[in-house]
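Enquirer: the sequence and its predicted three-dimensional model are supplied below.
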Amino acid sequence: MDTWLIVVIVIAVVVVLALIGLAMAKRGRAGEERKHEQAREHLQEAQLRGTRAEKEEALADEQAARARRERAEVEERAAQAEREAEERAGRAHEDRSAAQELRAKAESLDPGLRQGDTGPVRQNDAMTAEEPVRNDDTGGSGTIRR
């Protein structure tokens with residue numbers, strides 16, 4: 001073969017290899033650029049999610065604080081209601097004790113006196129009452145004493 005043909009073939013091979021090398025380098029740079037762009041997008045997404053997470057965490061903390069405050073208020077109201085109920089129960093007990101003492105005194109002063117009697121009527125006294133009489137054929141109406 002002629003030398004010039006060998007030189008042309010070698011030059012052609014070198015040119016083809018150079019073009020392949022340039023294409024691969026360009027492709028590598030494009031891949032790197034793509035990776036760089038993806039990394040940037042991931043960083044932006046991470047920053048956005050981090051900000052959102054901080055906001056949600058702050059809202060959760062606020063909600064938990066509100067719940068604790070409301071629970072404390074409810075417990076305080078319940079404790080107040082319990083104290084008031086205990087005071088009422090104490091007053092009722094005191095009233096019941098005083099009533100029993102007064103009944104005992106009344107019984108010792110007048111053993112025949114019934115509970116509920118407010119007047120001088122005793123169990124041994126005769127009862128008197130007036131009842132209305134129905135109108136009948138006799139034409140009379142009035143009250144009868146028993």
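Expert: Sure thing, it's come through.
Enquirer: now do stretch 8-24, average pLDDT.
Expert: Averaging pLDDT along stretch 8-24 yields 92.
Enquirer: ditto for stretch 89-104
Expert: 95.
Enquirer: check stretch 36-51 too.
Expert: For stretch 36-51, mean pLDDT is 95.
Enquirer: list the buried residues for that stretch?
Expert: By 16 or more other CB atoms under 10 Å, stretch 36-51 has no buried positions at all. No exception for glycine: its C-beta is placed from N, CA and C like everyone else's.
Enquirer: format the CA atom coordinates belonging to that stretch as CSV.
Expert: Extracted in CSV, the C-alpha atoms of stretch 36-51 (Å, rounded to 0.1, in the frame of the first residue of the first chain):
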residue,chain,number,x,y,z
HIS,A,36,-25.2,19.4,39.1
GLU,A,37,-28.7,20.6,38.2
GLN,A,38,-30.3,17.6,40.0
ALA,A,39,-28.1,18.3,43.1
ARG,A,40,-29.3,21.9,43.1
GLU,A,41,-32.9,20.8,42.8
HIS,A,42,-32.4,18.4,45.7
LEU,A,43,-30.9,21.1,47.8
GLN,A,44,-33.8,23.5,47.1
GLU,A,45,-36.3,20.7,47.9
ALA,A,46,-34.5,19.9,51.1
GLN,A,47,-34.5,23.6,52.1
LEU,A,48,-38.2,23.9,51.3
ARG,A,49,-39.1,20.7,53.2
GLY,A,50,-36.8,21.8,56.1
THR,A,51,-38.7,25.1,56.3
